[in-house]
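Visitor: Just to be clear, the model below is a prediction. Sequence and coordinates:
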Amino acid sequence: MSHRILPITRLTIAFIAGAVLCKIALQWIDIQLWELNAMLIAWAVAIFLLHNRRQSVAFAMAVSLFSGTLGALLFLRQFDGIRYGVAAGTQHLTGVIADQPQRKAKTWAVRVHTDSGADVMAYLAPDAVPEKGDSIELFACYGAEPTCPADNPDTAFADYHNYLFYSGISATAYSPSGMWRVTGHRRPSGLKSRLEAVQTAMTEMYREAGFRGEEGAIITAMTTGDRSQLSKPMRQQYSRAGVAHILALSGFHLGIIYVILQSVIVTLPLGIRWRNCLRLVIIAALVAFTIVAGSPPSLVRAAIMFTVMMIASLLQRDNLSLNSLSLASLVMLCYQPMMLFDVGFQLSFLSMLGLTLAYRPLVGVVHIRCSLLHRLWSVVVTTVVCTVFTLPLVTYYFGYFSLMSLVSNLVVPLLAIAMMWLTVAWWALVFLPSVQTFIGDALTFVVHQMNDFTHWASSVPWAVVPFRSNLLGVVLEYVVMLALTALLVRIYHNVSRNFRCRA
């Protein structure tokens, strides 16, 4: 399928352009929601008047302007909701701990969903151990400090506050010893709450089974999403090796789970209709796993993308197309438009864009009959494409790139896949303790090898090269990259066409 600009892709591009222009304009002018609402109505009227007429260009332009205005409107609505969610200087806060608390050097960092509906990042003195779901009351001795860049001119923590703001957090607050307390604990009642409680239960079972130390922390992080046990040196080790994304649940992990479940379906003697029904069960399983893991943004994005692409597959459409990727992105951005400026979303989107555009031409360059070798070649292509398409953005945000990234991303993902398969087998054989113990030993061995390899990769003197791209450089790099990709796709289609003609 040629990667032409299809209707949903055009709508997505217009939506993104509207949100970006709104963000830029807010630095100089004060935009009101009613103004964007009026523009949206005007474009809707234009679409209605131009519908069923032969003015296709004007109609397409009106639809694009409607989509762009909708992007700006939804972005501004969420922007204002976060910006004014908590009044600056507020000292008394009550709410519920929304995420797993993170242990810092001298405090607990907890995300509190306040009774007013806003989110606050609270830093609590270690008087007690807070838990996700606890109702909490705290006194911020310095008052709530806004994270919105327009309301907080502090340049020392500008990047951190900007990250928090675009993650949906309205303010930060510090509560010293004796100034906060847990007022209650939310018991799991609904299906979502019960699934979230499974994460804690799985972590406890890992501890009881003897998975401790660095290996236990890696297994817990990659299968439950709980990264609280990961030490800072271990995080830095994986980061320097260029495989930090392995530790954060994302599309890579959902892809492994999908392959495992799909492999089970293929072995069942069922017809096409029953297999399609089971694919719907797979979608439900992926959504359930996302909730169990605490619904981190990276996993939510991956779940939505997988759901859209699997539905496209069920409808006998191309599930690895630019249109499917655009639809998944449009759904996510309509729900949370400020996600567009989250580095995690940008990296995952660019990875998928690279795979959508360049995966098939590169895989088709080499004709391999052996299925095992073909899968290994697919892993190599996937690694290279994802690394290359995210490299400019990595250098822009983090100011470095890992020379060991390509090597590490060829080895570590294979070990991670083996780890995930062994973990599934460990849970499936829970009623056979002797076999489960053997699999647990194999699981620990694989994770130990993965840690040893990342330790070696990160200790190489030239593993990390400091380099920071500016915004103009990033734009030019992606223009060149997309041009080369378009040339590669054209060459691939010409070669494929000539090959079919000769055959």
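Guide: Ah, there it is.
Visitor: Not counting sequence-adjacent ones, nearest residue to residue 149?
Guide: residue 162 (5.7 Å; CB to CB, 6 or more residues apart in numbering). For the C-beta atoms, the positions are set from N, CA and C on the backbone; glycine is no exception.
Visitor: Quick one: list the elements packing against the helix or strand where the one you found lies.
Guide: Using DSSP states H and E, residue 162 falls within helix 158-165. Helices and strands in packing contact with helix 158-165 are not found; criterion 3 or more CB pairs under 8 Å, 6 or more residues apart in numbering; DSSP states H and E.
Visitor: Contacts for it next, please.
Guide: Here helix 158-165 makes contact (CB atoms under 8 Å, 6 or more residues apart in numbering) with 82, 83, 121, 147, 148, 149, 152, 154, 172, 343.
Visitor: who does the very next helix or strand once past it pair up with?
Guide: Following helix 158-165 in sequence order, the next helix or strand is strand 171-175 (DSSP H and E). Using DSSP bridges, the strands paired with strand 171-175 in its sheet are strand 119-124 (parallel), strand 145-146 (antiparallel).
Visitor: Give me the distance from strand 171-175 to the chain's centre.
Guide: 26 Å (CA atoms, centre = their mean, to the nearest Å).
Visitor: pLDDT on that strand, on average?
Guide: Strand 171-175 shows an average pLDDT of 92 in the prediction.
Visitor: For the helix or strand following that strand, enumerate the helices and strands it packs against.
Guide: Sequence order places strand 180-185 as the next helix or strand after strand 171-175, per DSSP H and E. When contacts are defined as 3+ CB pairs under 8 Å, 6+ apart, strand 180-185 sits against strand 134-139.
Visitor: and the angle for the strand it packs on with strand 119-124?
Guide: With axes from the mean of the first three to the mean of the last three CA atoms, to 10 degrees as the basis, strand 134-139 and strand 119-124 are set at 70 degrees to each other.
Visitor: Within the sheet, what are the partner strands of strand 134-139, with directions?
Guide: By DSSP bridges, strand 134-139 pairs with strand 92-97 (antiparallel), strand 180-185 (antiparallel).
Visitor: among the ones you listed, which is the most enclosed?
Guide: Neighbour counts (mean count of other CB atoms under 10 Å) averaged over each of the strands paired with strand 134-139 peak at strand 92-97, with a mean of 18.
Visitor: got a list of contacts for the very next helix or strand once past it?
Guide: The helix or strand immediately downstream of strand 92-97 is strand 102-103, counting by DSSP H and E. In this structure, residues lying in contact with strand 102-103 by CB under 8 Å, 6+ apart are 108, 109, 110, 228.
Visitor: Ranking by neighbours, what's the top pick from those?
Guide: Greatest neighbour count in the contacts of strand 102-103, by other CB atoms under 10 Å, goes to residue 110: 25 neighbours.
Visitor: Setting aside sequence neighbours, what's the nearest residue to it?
Guide: Nearest non-adjacent residue to residue 110 (CB to CB, 6+ apart): residue 101, at 4.5 Å.
Visitor: Help me confirm that the one you found comes into contact with residue 109.
Guide: Yes - between residue 101 and residue 109 a contact is recorded at 6.8 Å, counting by CB atoms under 8 Å.
Visitor: Could you check the pLDDT of the residue nearest to residue 149?
Guide: 86.
Visitor: Which parts of the stretch 201-350 of the chain are strands?
Guide: Using DSSP state E, counting those that start in this stretch, no strands are assigned anywhere in the stretch 201-350 of the chain.
Visitor: pLDDT below threshold where in it?
Guide: Along the stretch 201-350 of the chain, segments meeting pLDDT under 70 span 265-268, 270-272, 297, 312-321.
Visitor: Could you find the closest non-adjacent residue to residue 126?
Guide: residue 108 (6.1 Å).
Visitor: Kindly apply the preceding question to residue 171 instead.
Guide: Nearest one to residue 171, counting by CB to CB, 6+ apart, is residue 144 at 3.9 Å.
Visitor: Give the buried residues for the longest helix seen in the chain.
Guide: In the chain, with assignment by DSSP state H, the single longest helix is helix 471-502. For helix 471-502, a neighbour-count test (16 or more other CB atoms under 10 Å) marks 474, 477, 481, 485, 489, 492 as buried.
Visitor: residue closest to the middle of this protein?
Guide: residue 298 (1.9 Å; CA atoms, centre = their mean).
Visitor: Next up, the contacts around it.
Guide: Contacts of residue 298 by CB under 8 Å, 6+ apart are 248, 249, 250, 251, 344, 348.
Visitor: Nearest residue to it in space, please, no chain neighbours.
Guide: Using CB to CB, 6+ apart, the nearest residue to residue 298 is residue 250, at 4.3 Å.
Visitor: So that neighbour sits against residue 300, correct?
Guide: No - using CB under 8 Å, residue 250 is not in contact with residue 300, being 10.1 Å away.
Visitor: Pull the number of nearby residues for residue 347.
Guide: Residue 347 has 19 nearby residues by other CB under 10 Å.
Visitor: what sits against it?
Guide: By CB under 8 Å, 6+ apart, the neighbours of residue 347 are 245, 390, 393, 394.
Visitor: Just give the number of residues close to the closest residue in space to residue 262 that isn't next to it in sequence.
Guide: Among residues not flanking residue 262 along the chain, residue 282 sits closest, at 6.9 Å (CB to CB, 6+ apart). Using other CB under 10 Å, residue 282 has 19 neighbouring residues.
Visitor: list the contacts for residue 282?
Guide: 258, 261, 262, 265, 310.
Visitor: Can you give me the separation between it and residue 261?
Guide: Distance, residue 282 to residue 261, using CB to CB, to the nearest Å: 5 Å.
Visitor: Repeat that for residue 303.
Guide: Counting by CB to CB - residue 303 and residue 261 are separated by 14 Å.
Visitor: okay, those two: which has more neighbours?
Guide: More crowded of residue 303 and residue 261, by other CB under 10 Å: residue 303, with 23 against 17.
Visitor: surely that one meets residue 284?
Guide: No - the pair residue 303 / residue 284 is not scored as a contact, 10.8 Å apart, by CB under 8 Å.
Visitor: Would you format the contacts of helix 158-165 as a markdown table with neighbour count included?
Guide: Below are the contacts of helix 158-165 laid out as a markdown table (neighbours: other CB atoms under 10 Å):
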| residue | neighbour count |
| --- | --- |
| 82 | 23 |
| 83 | 19 |
| 121 | 23 |
| 147 | 28 |
| 148 | 20 |
| 149 | 17 |
| 152 | 18 |
| 154 | 11 |
| 172 | 22 |
| 343 | 14 |
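Visitor: Among these, which ones are in helices?
Guide: Residues of the contacts of helix 158-165 located in helices (DSSP H): 82, 83, 343.
Visitor: residue contacts, the second one?
Guide: When contacts are counted by CB under 8 Å, 6+ apart, residue 83 is found next to 146, 148, 150, 151, 165, 170.
Visitor: ok, for residue 308, nearest residue in space, not its chain neighbours?
Guide: residue 328 (4.1 Å).
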